[in-house]
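[1] quick one: sequence and predicted model below, then my questions.
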Amino acid sequence: MTAQRVCVSDFEEEAKKVLPKAVYDYYRSGADDQNTLTDNVAAFDRWYLIPRVLRNVSTVDLSVCVLGEKLSMPICVAATAMQRMAHPDGETAVAKACQAVGTGMMLSSWATSTIEEVMAAMTTTTGKEGVLWLQLYIYKDRDLTLSLVHRAEEAGYKAIFVTVDTPYLGRRRNDVRNHFKLPQHLSLSNFSTASLTFSEESYGNDSGLSVYVAKSIDSSLCWEDITWLKTHTRLPVIVKGVLNGDDAAKAVSYGVDGILVSNHGARQLDGVPATLDVLDEVVKAVQGACDVYMDGGVRRGTDVLKALALGAKAVFIGRPVLWGLSCQKMKKHRRLIRNPDSHFPFSLWGTGCC
């Protein structure tokens, strides 16, 4: 009998058993020596909570307003790419879960489900339009970039989180060792051409994603492009990837609607500070001009509390969602092995994954 999973690390341990090595490594890895990856989590141990006692807490309301939408709690789902590597339903399963618990989800540009599919899945849960935001990479092809934005608008997404920390892809050593690329049955579903679906057969001896980013993503991105994006969408624009007060103040001067303090899950530049350690600096720099959110290393409820105490409006979680998806795949796989008439495509992953 499998031991009860009671914390995020338990789910990760199980996910490591069920996922193919290259997939687990892709989800898990940080850049270079992964010092920032470790520090994102460790930072929460450097901050202490000072309890106040004899307060009436018999009624607790965790709801929060994020970008004009009321959520049940200040915990949202961050954009993580290629979720169908973790579970056949991928992003659509996460969307349904978010709708069920009343929170929001950020969809990656590099999703393995389309913008429209994910909104449809979230709406199906309750019959009401859910809270979805699009994470956006700025491609060299600006018309292509804007097509994603306009599709999100038409589908009912509530905001655009533009990633500003990826002019080049961070060097993730395991991805290089594994020559990482998508499994053949998957693609980046929001694109139609082979060069953009990340489904080419060979990317050489490097990480396939590193080659993809170098070919596709615009490394010339600058502050004026925030103005450009805002002129082409009616949705709020949030910059994702700010790590200091100067950039936060600059973002405010360019009229952003929010700032996500993020080091890309420590996947871009090793040696940058943990997000929690710079959160207070960013909050003070914006002086209330816009909301500040954070991601990176959030693993328990007290982590959320510490982030809120330092000024975050809400936090975003990424890897824990992937570990949960992976464990659900294992559970479903075992059930369907006992049902030979099932149509679940477990053969795509091999029977050894459980």
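    That came through, no problem. Remember, predicted model here, so these are calculated numbers, not experimental data. Numbering: from 1, shown residues only.
[2] in the protein, which spans are strands?
    64-66, 69-71, 75-77, 105-107, 132-136, 160-163, 237-242, 258-261, 291-295, 314-317 (DSSP state E).
[3] ok, which of those strands comes nearest Cys327?
    Set against Cys327 and scored by C-beta to C-beta, these come closest in strand 314-317, at 15.3 Å. Placement of C-beta: from N, CA and C, glycine included.
[4] mind giving me the packing neighbours of that closest one?
    With contacts taken as 3 or more C-beta pairs under 8 Å, 6 or more residues apart in numbering; DSSP states H and E, strand 314-317 sits against strand 75-77, strand 291-295, helix 301-309.
[5] the stretch 1-150 of the chain: helices as residue ranges?
    8-18, 21-28, 35-42, 90-101, 115-126, 142-155 (DSSP state H, counting those that start in this stretch).
[6] just name the most buried of the helices and strands packed on strand 314-317.
    Stretch with highest mean neighbour count among the helices and strands packed on strand 314-317: strand 291-295 (a mean of 25; mean count of other C-beta atoms under 10 Å).
[7] re the thing from before, can you put the strands of the chain in a markdown table and add distance to Ile50 and mean pLDDT?
    Shown next, in a markdown table, are the strands of the chain (distance: least, C-beta to C-beta, whole Å; pLDDT from 0 to 100):
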| stretch | distance to Ile50 | mean pLDDT |
| --- | --- | --- |
| strand 64-66 | 22 | 98 |
| strand 69-71 | 27 | 97 |
| strand 75-77 | 22 | 98 |
| strand 105-107 | 32 | 98 |
| strand 132-136 | 33 | 98 |
| strand 160-163 | 33 | 98 |
| strand 237-242 | 28 | 98 |
| strand 258-261 | 23 | 98 |
| strand 291-295 | 20 | 98 |
| strand 314-317 | 20 | 98 |
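[8] got the ones you listed as a markdown table, with distance to Ala307 columns?
    As requested, those are exported to a markdown table (distance: least, C-beta to C-beta, whole Å):
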| stretch | distance to Ala307 |
| --- | --- |
| strand 64-66 | 12 |
| strand 69-71 | 15 |
| strand 75-77 | 10 |
| strand 105-107 | 16 |
| strand 132-136 | 18 |
| strand 160-163 | 17 |
| strand 237-242 | 15 |
| strand 258-261 | 9 |
| strand 291-295 | 5 |
| strand 314-317 | 5 |
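[9] hang on, the earlier thing: dump the helices and strands packed on strand 314-317 into JSON lines; add distance to Val261 as well.
    Output for those, formatted as JSON lines (distance: least, C-beta to C-beta, whole Å):
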{"stretch": "strand 75-77", "distance to Val261": "14"}
{"stretch": "strand 291-295", "distance to Val261": "4"}
{"stretch": "helix 301-309", "distance to Val261": "9"}
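[10] which one of the ones you listed lies nearest to His87?
    In terms of C-beta to C-beta, the element of these nearest to His87 is strand 75-77, at 14.0 Å.
[11] which other residues reach that closest one?
    With contacts defined as C-beta atoms under 8 Å, 6 or more residues apart in numbering, strand 75-77 is touched by 66, 94, 98, 103-106, 293, 298, 304, 314-318, 321.
[12] what about 6 Å?
    Residues outside strand 75-77 that contact it (C-beta atoms under 6 Å, 6 or more residues apart in numbering) are Cys98, Thr103, Gly104, Met105, Val304, Ala314, Val315, Phe316, Val321.
[13] touching, the fifth one and Phe316? I think so.
    No. Because the distance of 10.5 Å does not satisfy C-beta atoms under 6 Å, Val304 is recorded as not touching Phe316.
[14] closest one of the contacts of strand 75-77 to Thr126?
    Closest approach to Thr126 among these (C-beta to C-beta): Cys98, at 11.1 Å.
[15] which strand residues bridge the nearest residue to the closest one once chain neighbours are set aside?
    Distances taken as C-beta to C-beta, 6 or more residues apart in numbering place Met105 nearest to Cys98, at 4.3 Å, with adjacent residues excluded. Beta-bridge pairing of Met105 under DSSP bridges involves Val77, Leu132.
[16] number of nearby residues for Gln287?
    Neighbourhood size, Gln287 [other C-beta atoms under 10 Å]: 10.
[17] check it and give its pLDDT.
    Predicted confidence (pLDDT) for Gln287: 97.
[18] so what's it closest to, chain neighbours aside?
    Residue nearest to Gln287 in three dimensions, not counting chain neighbours: Val252, with 7.9 Å by C-beta to C-beta, 6+ apart.
[19] quick one: that neighbour from Arg5, how far?
    The gap separating Val252 from Arg5 is 41 Å, by C-beta to C-beta, to the nearest Å.
[20] can you check Leu62 too?
    Distance of Leu62 to Arg5, computed by C-beta to C-beta: 23 Å.
[21] of these two, who's got more company?
    When neighbours are counted by other C-beta under 10 Å, Leu62 and Arg5 differ, and Arg5 comes out ahead with 15 against 12.
[22] now for the nearest residue to the more buried one once chain neighbours are set aside, how many residues are close by?
    In space, and not counting its chain neighbours, Arg5 is closest to Phe11: 5.4 Å by C-beta to C-beta, 6+ apart. Residues lying near Phe11 (other C-beta under 10 Å) number 21.
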